[in-house]
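A.B. asks: Sequence first, then the predicted structure, then my questions.
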Amino acid sequence: MMLSNRMTRVDADPDDVLPCLRQVGGSEQWRTARLLGKTGSHVAYKVETWSGECFHLRLGQATSTEHNQTEGLLIDRVYQILDQQNLMITPALKLAGCGRIYQDQRSYLLTHWIDGLNGRLHAHRLGQSQGYRLGISAGLALAAVHSLAGPDSPSAWVQEITSRCRWLEKGLTRNVKRHRAVAAALDFVNHNRSIICSRPVCALYNNLAFDQMIMYRDIAAILINFSQWRYGDPLYDLAPVLTDISRISIPFATGLLDCYLSQQCNTRIMRSIVFYAALRTLEQLSRSSERQVPDQTALRVIERLAADTDCFGQVIPCWYPPKRLSGHGSSHLWLSS
């Protein structure tokens with residue numbers, strides 16, 4: 001299919017996508033656009049130019065121009081920070097363009113193509129040193145995301161988390177609450193709500209998972225898909241390290257925490273991370289409780305989190321090396337309370 005009299009192939013319904021693609025800046029240089037897949041309202045393409053350069057194009061609903069622009073800002077910020085630090089071992093997603101296609105009420109995000117391995121498929125194969133090194137690279141990228149400050153007042157975040165905590169009591173059924181790990185997690189959340197009151201607020205990646213990473217040449221885990229970003233407590237982004245990432249690769253999880261916390265982990269910081277991990281998993285259970293069928297995956301996660309923390313009697317996971325503990329706070333400003 002032709003685009004601006006030059007594009008040779010579009011792997012999609014041309015009547016639907018061609019008019020839209022023509023409005024993306026630089027599209028006159030494109031040779032092909034290969035459909036990669038659809039996720040919700042997003043459609044992704046691999047674009048190749050006549051000079052052989054490749055890009056990842058995502059089309060979505062233009063529900064919020066500001067949200068889309070900030071996503072582009074975040075991608076560019078992470079790239080610039082890592083580049084300025086001369087961290088060549090940690091490549092990052094590079095923004096090529098973003099904007100709104102007004103005629104079709106769509107937004108687009110164009111980034112440079114990265115050749116690498118799917119994080120979810122590759123993570124379980126990581127060795128000790130390799131996993132630790134990749135975890136460090138992910139920690140650096142996450143810290144760069146969190147460098148974008150949020151609203152001056154954290155009141156909206158505190159109100160949201162407080163409301164979510166209260167909703168758990170109503171959402172979890174009596175049978176689910178009888179489960180030892182669930183009861184311990186719920187008790188831990190209820191007794192630690194106050195720790196969120198003095199936390200800073202910044203931009204969050206809000207999507208930390210291996211399937212949102214590309215493993216680049218076994219030297220860097222590159223964060224992709226910033227579309228779920230929002231403002232909140234930066235430690236909220238670390239909750240998946242305890243519930244998901246450590247389940248697949250402890251070396252990766254250790255490297256990420258070591259990097260992000262600057263190897264100065266104190267109990268207050270870890271208490272906040274465990275709090276968010278328990279809250280998010282209990283919410284998943286609560287949603288399934290409404291159907292009277294508990295989410296078995298969420299139940300296993302809460303059981304493992306309880307096992308890692310001695311049924312929430314301690315806040316440092318048993319798999320995290322004790323030598324990392326420190327009575328001093330981290331040097332990162334976004335960790336300070």
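C.D. replies: Perfect, thanks for sending it.
A.B. asks: going forward, measure contacts between C-alpha atoms and count neighbours the same way
C.D. replies: Will do.
A.B. asks: Show me what the host helix or strand of residue 256 is packed up against.
C.D. replies: Secondary structure from DSSP states H and E places residue 256 in helix 250-260. Applying 3 or more C-alpha pairs under 8 Å, 6 or more residues apart in numbering; DSSP states H and E, one finds that helix 250-260 contacts helix 128-145, helix 246-248.
A.B. asks: any chance of the ones you listed in a markdown table, with distance to residue 176 and mean neighbour count too?
C.D. replies: Shown next, in a markdown table, are those (distance: least, C-alpha to C-alpha, whole Å; neighbours: other C-alpha atoms under 10 Å):
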| stretch | distance to residue 176 | mean neighbour count |
| --- | --- | --- |
| helix 128-145 | 34 | 22 |
| helix 246-248 | 23 | 16 |
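A.B. asks: how about these, which one is nearest residue 183?
C.D. replies: When those are compared by C-alpha to C-alpha, helix 246-248 sits nearest residue 183, at 21.7 Å.
A.B. asks: The closest one: how far from the chain's middle?
C.D. replies: From the chain centre to the centre of helix 246-248 is a distance of 16 Å (C-alpha atoms, centre = their mean, to the nearest Å).
A.B. asks: what's next to that helix, contact-wise?
C.D. replies: 123-124, 252-254 (C-alpha atoms under 8 Å, 6 or more residues apart in numbering).
A.B. asks: Which parts of the stretch 151-300 of the chain are strands?
C.D. replies: Along the stretch 151-300 of the chain, counting by DSSP state E, counting those that start in this stretch, strands occupy 202-204, 213-216, 220-223, 230-232.
A.B. asks: out of these, nearest to residue 96?
C.D. replies: strand 220-223 (16.0 Å).
A.B. asks: model confidence over the closest one, on average?
C.D. replies: Confidence for strand 220-223, expressed as mean pLDDT, is 92.
A.B. asks: Give the pairing partners of it; include direction for each.
C.D. replies: strand 213-216 (antiparallel) (DSSP bridges).
A.B. asks: Any stretches of the chain with poor pLDDT?
C.D. replies: 1-19, 63-65, 86-90, 102-104, 263-264, 289-293, 322-337 (pLDDT under 70).
A.B. asks: can you do 80?
C.D. replies: 1-20, 22-23, 40-41, 61-66, 85-91, 102-105, 152-153, 263-265, 288-294, 321-337 (pLDDT under 80).
A.B. asks: Can you pull the domain assignment for it?
C.D. replies: The chain resolves into domains spanning 9-112, 118-335 when parsed by automatic domain parsing.
A.B. asks: And the helices in the stretch 101-250 of the chain?
C.D. replies: 119-122, 128-145, 155-171, 174-177, 180-191, 239-240, 246-248, 250-260 (DSSP state H, counting those that start in this stretch).
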